[in-house]
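**Student:** No letters, just coordinates:
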């Protein structure tokens, strides 16, 4: 019968063998965290390898994702659909064991990790989701949401600034079912970290409001077990378990050094390590008794069956709540969603309000999004400016419940916590900040798109229309660069109708995130036919036409009003112009060629107008066209003066068109 040490050594062997075969990877962390892994995965983690999406499973996040062979070894050994051939294929093209854990590639991987600090931030979102759903759905005697979130993290995660943002909030929110294990091995790629990482990390986390278990021997099964038991008893605070470990544990000549952090051990050292740890098996060979010691299929099936029985009793006692929970965990919208959208669109047309699109967004949230029980809104300390709240929303505090989150000045943390909530399931998160500050959150936005998560980013104060705050706050290149993120839908609506449709489309998009780019200044409502309203969803459409058009004016957001005025001025001079509103280039580009040609008129001259960098618009206007934009930073002045200063005037648009005609 395999001992616990044998089970831990199986992780070491698989990890060093896979990295050696690939000649690439990070064996140090898996080898150093083998005992911690055995305790957590074999004795505490509630999971079912046969059903990685079981709703009430514990969540596990490997925040130090460079050590990916740790999670691949665990998934393989415990019985997930990760074969020994997958292990041998580590880091190879199209393999299910890529260099960093990728959500959607590998059964059992809960989130994509690799960019350090972001895994622990996802985990905070997952733990928050568990707490919110438990408060909403659990009934006396019926705890259908009751699971932990476990995180492994290293020194790099601790050093990244996002860990400060997220972990401070985790303490504030009292996420008692979040348990993080700090792999305190003192080594990073550059060597011993005492030269650049001297924080008193336990005190830091205690200051955040965490329970901290200090100085745990990470190679002692008994010490780690005691720490986990202590963590589970502290239900009102998240817990940090500080595990002292030796990186590359078991490698006789390289353990404890940076040489084992991010490179293969080398054939000679691999063989020496086998002898040193007493692993008398060839590469990629795991004996039967070790597999039996790790196998979680029978236990996992039993755990899920117990939950299924509990849920059946819950459904009998609370049928409406059970149906709602099932719908939300499946990611489905309410059956009457289309009717809700239609009603909201009709109300928007009836009211025909002239407001800033940030206010139009708040109206859409109030009239449409707030009807979704799963919505969780928020803002990074700018609620009064972003207008992401709605009448009747409930602020989230330490106590359970709430559907509106004040994240504080933590744009990056907010964005990746929202990713964690979306990954957990059952919630629809959205959050706001100024468009300029999307730069702080950029990597989280990219991860939303990479993982295809339904998260909505509300970005207000979208251009030089911000005015007096000046170029530090006036986004110029941000909208263009957000459009470049694959799988991201970037909507810049021109009025209340486009804003409503943008919100509806963002809610309905199941396979990726959306950004709403919204104005500070008021924009006029434009009347539309039903067909035009339907075409908003295509990303670009004819807003105002003219017979035998000689030029097509393409505009977004606040510049649509300018295009409409220019159309009238051109008409007075005998030049027929078509106005195309392009609220979402990402969606328009996916339409079939026939539709795009019907909108753009391929043989007609085109001019694009947007208060931002011009590069992205040349693909529409061509070399014979023109772009009226802003390839420089702004200035501090009232918005009307800035638009005039930078050429966003009817006179300049008309002059440009005459020049190309």
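**Tutor:** The structure has been received and is ready for your questions. These numbers come from a predicted model, not from an experiment.
**Student:** count of residues packed around residue 619?
**Tutor:** 10 (other Cβ atoms under 10 Å). (C-beta placed from N, C-alpha, C; glycine too.)
**Student:** and it, what element?
**Tutor:** Taking DSSP states H and E as the criterion, residue 619 maps to helix 618-621.
**Student:** And for residue 276?
**Tutor:** Assigned by DSSP H and E, residue 276 belongs to helix 267-277.
**Student:** what do you get for residue 321?
**Tutor:** Take DSSP H and E as the rule and residue 321 turns out to sit in helix 319-330.
**Student:** what's that helix packed up against?
**Tutor:** For helix 319-330, the packing partners by 3 or more Cβ pairs under 8 Å, 6 or more residues apart in numbering; DSSP states H and E come out as helix 118-137, helix 297-317.
**Student:** Quick check: mean pLDDT of the last one?
**Tutor:** Confidence for helix 297-317, expressed as mean pLDDT, is 98.
**Student:** Give me the residues contacting the helix holding residue 321.
**Tutor:** The set of residues that contact helix 319-330 without belonging to it, under Cβ atoms under 8 Å, 6 or more residues apart in numbering, is 55, 133, 137, 139, 144, 311, 314-315, 334, 373-374, 425-427.
**Student:** Just list the residues touching residue 257, thanks.
**Tutor:** Counting by Cβ under 8 Å, 6+ apart, residue 257 has contacts 187, 247, 248.
**Student:** can you give me the mean pLDDT across the helix holding residue 619?
**Tutor:** 96.
**Student:** quick one on the thing from earlier: tell me what angle the helix holding residue 321 forms with helix 118-137.
**Tutor:** Between helix 319-330 and helix 118-137, the angle comes out at 170 degrees (axes from the mean of the first three to the mean of the last three Cα atoms, to 10 degrees).
**Student:** Which elements pack onto the next helix or strand after the helix holding residue 619?
**Tutor:** Using DSSP H and E, the helix or strand that follows helix 618-621 towards the C-terminus is strand 626-628. Applying 3+ Cβ pairs under 8 Å, 6+ apart, one finds that strand 626-628 contacts strand 605-609, helix 650-660.
**Student:** any idea which of those is most buried?
**Tutor:** Neighbour counts (mean count of other Cβ atoms under 10 Å) averaged over each of these peak at strand 605-609, with a mean of 24.
**Student:** Identify all contacting residues around it.
**Tutor:** Residues outside strand 605-609 that contact it (Cβ under 8 Å, 6+ apart) are 550-555, 559, 562-563, 600, 614, 617, 620-622, 624-629, 648, 653, 656-657, 660-661.
**Student:** coming back round to it: could you check the angle helix 297-317 makes with the helix holding residue 321?
**Tutor:** Using the same axes, to 10 degrees, helix 319-330 lies at 140 degrees relative to helix 297-317.
**Student:** before we move on, back to that, separate out the buried members of the contacts of strand 605-609.
**Tutor:** Buried subset of the contacts of strand 605-609 (neighbour count, 16 or more other Cβ atoms under 10 Å): 550-555, 559, 562-563, 600, 614, 617, 620-621, 625-629, 648, 653, 656-657.
**Student:** which stretches of the stretch 351-500 of the chain form strands?
**Tutor:** In the stretch 351-500 of the chain, the segments counted as strands under DSSP state E, counting those that start in this stretch are 355-356, 375-379, 404-406, 428-434, 456-460, 489-491.
**Student:** which residues sit against the shortest one?
**Tutor:** Residues lying outside strand 355-356 but in contact with it, judged by Cβ under 8 Å, 6+ apart, are 363, 496, 518, 519, 520, 521, 522, 523.
**Student:** Give me the PyMOL select line for those residues, limited to the buried ones.
**Tutor:** One line in PyMOL is enough to select the buried members of those, burial here meaning 16+ other Cβ under 10 Å:
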select buried, resi 363+496+518+519+520+521+523
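**Student:** Return the closest of the contacts of strand 355-356 with respect to residue 351.
**Tutor:** Nearest to residue 351 out of the contacts of strand 355-356 is residue 496 (Cβ to Cβ; 7.4 Å).
**Student:** Now render the contacts of residue 257 as JSON lines, adding distance to residue 419.
**Tutor:** Formatted as JSON lines, the contacts of residue 257 follow (distance: Cβ to Cβ, whole Å):
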{"residue": "187", "distance to residue 419": "29"}
{"residue": "247", "distance to residue 419": "29"}
{"residue": "248", "distance to residue 419": "31"}
